[in-house]
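Asker: Need coordinates for the below:
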Amino acid sequence: MKLKVTIITLLVNAGLVASAQTVTLDYYFNHEVHKNAEGQPVRFHYLWTDKENTGFSIFGDAFTTAGAKLDTLNQAPTTDNLKDAAIYIIVDPDSKKESPSPNYIQPNDVEQIAKWVKKGGILLLMANDSANVELPHFNTLAAKFGMHFNNDLQNHVIDDAHFEDGAVKTTGNPVFKTAGKIFMKDVCSISTSGTAVPVLKNNNGATIIASAKYGKGTVVAVGDPWLYNEYTNGRLPAGYENDKAADDIVQWLLQQISNK
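Answerer: Numbering: from 1, shown residues only. Model prediction:
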């Protein structure tokens, strides 16, 4: 028994035994509600638990398969309620079109999140095309890290017969180790300044994924919530590899934790 305890102690001290990293998904800035079949108001859109096309269950499974733990945050973020999170994801903040009383990102939210990132947090910001996301307040947060979601429409796809208009080649991209071609439909482009740099550009040369170092942490911005179930569950035509891209992004984000 003494030998077993000693071995475990040595492994912990050597950093070879690590606790699962927590990935926290925002449920405060995105808090869409609709009525279910019984007429009752329920949350939907980008939920870890939602297995329909609108959910993030496949994205969440990619994190748990990689050894991470999933969590949610239903309140405004603070350094205190983010202290146990290694990765914090904010996706598609609500506008009044989506919620009668949206929780807009406020200056104090920006400062609290920035302090958390500076200490080593990994922040993932996922926007949308400007018709479907509240960009002005979201951009006050992105600007803190040298990024700006533009009021434009990239990779516009008219219908399912025009999938190629949403195609993006990722072969050779350092983030996408296994996915060679992905589908990103109706996204906004991202401008970068300061320490922010493009991570992925579309066929027109517009940046659609960017990242920035901030203190000990990392911020990643994406022009669309493109990893929800509808585009990772195998319904895309042959050749598109969004399911692999989800795994690639997860591995990359987790790597940023170990690199901080």
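Asker: got the residue ranges for the helices in the stretch 151-260 of the chain?
Answerer: Using DSSP state H, counting those that start in this stretch, the helices of the stretch 151-260 of the chain run over 242-259.
Asker: the strands in it, which residues?
Answerer: Using DSSP state E, counting those that start in this stretch, the strands of the stretch 151-260 of the chain run over residues 167-169, 181-183, 190-192, 197-201, 207-214, 217-222.
Asker: Next, the buried residues of stretch 154-171.
Answerer: Buried residues in stretch 154-171, counted by 16 or more other Cβ atoms under 10 Å: Q154, N155, V157, D165, G166, A167, V168, T170. From N, CA and C alone the C-beta is placed, and that goes for glycine too.
Asker: Where in the protein is the helix or strand with the lowest mean pLDDT?
Answerer: One helix or strand of the chain scores below all others by mean pLDDT, DSSP states H and E: helix 2-13, with a mean of 38.
Asker: helix or strand right after it?
Answerer: From helix 2-13 onward toward the C-terminus, using DSSP states H and E, the following helix or strand is strand 22-26.
Asker: Which residue, other than its chain neighbours, is closest to L153?
Answerer: What sits nearest to L153 in space, not counting adjacent residues and going by Cβ to Cβ, 6 or more residues apart in numbering, is D129, at 5.2 Å.
Asker: Point out the most buried one among the strands of the stretch 151-260 of the chain.
Answerer: Greatest average neighbour count among the strands of the stretch 151-260 of the chain goes to strand 217-222 (a mean of 25), per mean count of other Cβ atoms under 10 Å.
Asker: starting at the chain centroid, how far to that strand?
Answerer: Relative to its chain's centre, strand 217-222 lies at 9 Å (Cα atoms, centre = their mean, to the nearest Å).
Asker: likewise stretch 188-195?
Answerer: Relative to its chain's centre, stretch 188-195 lies at 16 Å (Cα atoms, centre = their mean).
Asker: how long is that stretch from one end to the other?
Answerer: End-to-end span of stretch 188-195 (Cα to Cα, to the nearest Å): 20 Å.
Asker: Show residues contacting that stretch.
Answerer: Identification of contacts with stretch 188-195 by Cβ atoms under 8 Å, 6 or more residues apart in numbering yields 127-130, 133, 135, 142, 145-154, 198, 202, 206-210, 212-214, 221, 223-224.
Asker: can you pull the contacts of F149?
Answerer: Applying Cβ under 8 Å, 6+ apart, one finds that F149 lies in contact with A127, V133, L135, F138, N139, A142, C188, S189, I190, A221, G223.
Asker: Show me which of those is closest to A238.
Answerer: A238 has its nearest neighbour among these in G223, at 24.8 Å by Cβ to Cβ.
Asker: I figured that closest one hits V187, correct?
Answerer: Yes: judged on Cβ atoms under 8 Å, G223 makes contact with V187 at a distance of 3.7 Å.
Asker: anything in contact with each of the two?
Answerer: Common contacts of G223 and V187 (Cβ under 8 Å, 6+ apart): A127, N128, Q154, I208.
Asker: Just the pLDDT for the residue lying closest to the second one once chain neighbours are set aside.
Answerer: Meaning N128. In space, N128 comes closest to D92 once its chain neighbours are excluded; the distance is 4.9 Å by Cβ to Cβ, 6+ apart. In this model, D92 is scored at 96, pLDDT.
Asker: now D92: how far from Y46?
Answerer: Separation of D92 from Y46 (Cβ to Cβ, to the nearest Å): 6 Å.
Asker: Now for these two: what residues contact both?
Answerer: With Cβ under 8 Å, 6+ apart, D92 and Y46 have common neighbours N30, P225.
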